[in-house]
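> One predicted model, sequence on top.
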Amino acid sequence: MGRITDTVKGILIINIIFFIGSSTLGDRAFEWFALWFPKNDNFQIWQLVSHMFMHGGTGHIFFNMFALYMFGSHLENSIGQKKFLFIYFFSGFGAAGFQLLFSYFQFGPGYQQLVEQGFSNIEIRNIIINGYNSREYLNYPEIMQNTVEAYVTPMVGASGAIFGVLAAFAVLYPNLPLYIMFIPVPIKAKYLIGGYFLLDLYGGITGQAILGPSNVAHWAHIGGAVIGFITMWYWKKNSFNNKRWY
């Protein structure tokens, strides 16, 4: 897709540094820098940014950085550094917002049941943590399993920001033919990226992953894509000239 830009190169390097550092620090890195559910004691406000540079494994970071390498520089060359960074980080924030909202929907019903039974916040926290550590929560009713999992599951990865970049790319170059492995014919960007979005939408609604591992944060992908799409659609509609985006 052309020469890698300095901005994309910088983001790649920061992600690799974070990945090496988190591999060295282990669980402490995830306690500090992953995005935790706001009611969890590990939650800190900086995690809204730092989680975008954390990854759960080599496959996770490879596919995210590969997508950034393939599409990021081309997009930045078209819209400029400032707008590219805006889409990248704003999509990442949107992804976090969508995923946290989904987590609140998971967490709320079971939490409310415990409140109505007279448990205090400290007692509810202990029930959740003890149930998770002992794995007893797997025997709880589904409504309580969802509460425990929402509380204890952190969010990591640049996927939301990457999906924002992909969606913006599809808006800007909808008919550009793209090739992917194992498929010998080109597929237009709007169909390839749009199809991937629909797979995530299906996964978010049903909880079943068609592609990839079962612990994918589908709503983060959806949130990032929605923000990237809306932002680029607005810019394309209102700020495009025949030479360049500014």
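That came through, no problem.

> Under the pLDDT cut-off, which ranges of the protein? List them.
1-2, 181-184, 208-215, 239-246 (pLDDT under 70).

> From Trp32, how far off is the residue of it positioned farthest from its centre?
Ranked by distance from the centre of the chain (C-alpha atoms, centre = their mean), the top residue is Gly118, with 35.8 Å. Noted for Gly118: a distance of 34 Å to Trp32, by C-beta to C-beta, to the nearest Å. Yep, even glycine has a C-beta here, placed from its N, CA and C like the rest.

> mind listing the strands in the chain by residue range?
Using DSSP state E, the strands of the chain run over 177-180, 183-188.

> Among those strands, show me which one is buried the most.
Neighbour counts (mean count of other C-beta atoms under 10 Å) averaged over each of these peak at strand 177-180, with a mean of 13.

> That strand - contacts with which helices or strands?
Applying 3 or more C-beta pairs under 8 Å, 6 or more residues apart in numbering; DSSP states H and E, one finds that strand 177-180 contacts strand 183-188, helix 189-206.

> Single out the most deeply packed of these.
Among these, helix 189-206 has the highest mean neighbour count (mean count of other C-beta under 10 Å), at a mean of 17.

> I would like the C-alpha coordinates for it, written out in PDB, please.
Extracted in PDB, the C-alpha atoms of helix 189-206 (Å, rounded to 0.1, in the frame of the first residue of the first chain):
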ATOM      1  CA  ALA A 189     -13.100  -2.500   0.000                       C
ATOM      2  CA  LYS A 190     -16.700  -1.700   0.800                       C
ATOM      3  CA  TYR A 191     -17.700  -5.400   0.600                       C
ATOM      4  CA  LEU A 192     -14.600  -6.800   2.300                       C
ATOM      5  CA  ILE A 193     -14.600  -4.400   5.200                       C
ATOM      6  CA  GLY A 194     -18.400  -4.200   5.400                       C
ATOM      7  CA  GLY A 195     -18.600  -8.000   5.500                       C
ATOM      8  CA  TYR A 196     -16.100  -8.100   8.400                       C
ATOM      9  CA  PHE A 197     -18.200  -5.500  10.200                       C
ATOM     10  CA  LEU A 198     -21.400  -7.700   9.700                       C
ATOM     11  CA  LEU A 199     -19.500 -10.700  11.200                       C
ATOM     12  CA  ASP A 200     -18.700  -8.700  14.300                       C
ATOM     13  CA  LEU A 201     -22.300  -7.400  14.500                       C
ATOM     14  CA  TYR A 202     -23.500 -11.000  14.400                       C
ATOM     15  CA  GLY A 203     -21.000 -11.900  17.100                       C
ATOM     16  CA  GLY A 204     -21.900  -9.000  19.300                       C
ATOM     17  CA  ILE A 205     -25.600  -9.800  19.100                       C
ATOM     18  CA  THR A 206     -25.400 -13.600  19.400                       C
END
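
> List the contacts of it.
102, 163, 166-167, 169-170, 173-178, 180, 208-211, 216, 218-219, 221-222, 225 (C-beta atoms under 8 Å, 6 or more residues apart in numbering).

> Could you pull out the buried residues of the longest helix anywhere in the chain?
Ranked by number of residues, the top helix in the chain under DSSP state H is helix 81-116. Neighbour counts over helix 81-116 (16 or more other C-beta atoms under 10 Å) mark 83-84, 87-100, 102-103, 106-107, 110-111, 114 as buried.
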